[in-house]
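Colleague: With the input below, show me the fold.
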Amino acid sequence: MNDAVNETWVPSISPETVRYLILKAKEFDVKDVVTEPDPGSNPSDDNMIEVLEDHDDDPVEIELRSAIWALNEDEQIDLVALAWLGRGDGNVGDWDELRSRAADAHNRRTAAYLLGMPLLPDYLEEALDQFGETSTDDTLGRL
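Modeller: Model prediction:
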């Protein structure tokens, strides 16, 4: 990272944690609509298609929500601010303002809010890239 970025961004959340959340959010985003709400046949006969569908008891969603809930308040605030940064709500120089807005908006629905962002993994990757942190799939694969 360059010095300007180091002075601007002192994260409460580690880039490694953000990369993990990016990976989980990508797994969550690939889910498709439910075509068979009550599958009763053998999963191997159905090519395990229900694994790719967005069921209420989806383990990927549960894991992602749990990971976000497990973050402390400062980490959740950083995560929301990073999503906003990656979405284009500001630039690296606006980090303190974005984080302040995220702190003002913080509530107990952070996981639901973030999971409602269709491009969450893209936003988080973009934000990490803006801070000079790599967010490539190669890095994610080593976690």
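
Colleague: quick one, helices of this structure?
Modeller: 3-8, 15-29, 59-70, 73-87, 95-105, 110-115, 120-130, 137-141 (DSSP state H).

Colleague: could I get those as a markdown table with mean pLDDT and mean neighbour count?
Modeller: Just so you know, the C-beta spots here come from the backbone N, C-alpha and C atoms, and that holds for glycine as well. Below are these laid out as a markdown table (pLDDT from 0 to 100; neighbours: other C-beta atoms under 10 Å):
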| stretch | mean pLDDT | mean neighbour count |
| --- | --- | --- |
| helix 3-8 | 48 | 12 |
| helix 15-29 | 91 | 19 |
| helix 59-70 | 90 | 15 |
| helix 73-87 | 97 | 22 |
| helix 95-105 | 96 | 16 |
| helix 110-115 | 95 | 17 |
| helix 120-130 | 95 | 21 |
| helix 137-141 | 48 | 11 |
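
Colleague: which residues touch Glu27?
Modeller: Counting by C-beta atoms under 8 Å, 6 or more residues apart in numbering, Glu27 touches Val60, Leu64.

Colleague: Please repeat the previous calculation with a cut-off of 10 Å.
Modeller: Asp58, Pro59, Val60, Glu61, Glu63, Leu64, Pro121 (C-beta atoms under 10 Å, 6 or more residues apart in numbering).

Colleague: I'd like to know how far it sits from Gln130.
Modeller: 24 Å (C-beta to C-beta, to the nearest Å).

Colleague: Which two of the contacts of Glu27 have the greatest separation?
Modeller: Distances among these were taken as C-beta to C-beta; the most separated pair is Pro59 and Pro121, at 17.7 Å.

Colleague: Surely Asp89 and Arg99 touch.
Modeller: No - using C-beta atoms under 10 Å as the test, Asp89 is too far from Arg99 to be in contact (11.5 Å).

Colleague: Report the set of residues contacting both of these two.
Modeller: With C-beta under 10 Å, 6+ apart, Asp89 and Arg99 have common neighbours Ala81.

Colleague: ok, how many other residues are close to Gly116?
Modeller: 9 (other C-beta atoms under 10 Å).

Colleague: unless I'm mixing things up, it is touching Arg65, no?
Modeller: No - using C-beta under 10 Å, Gly116 is not in contact with Arg65, being 11.7 Å away.
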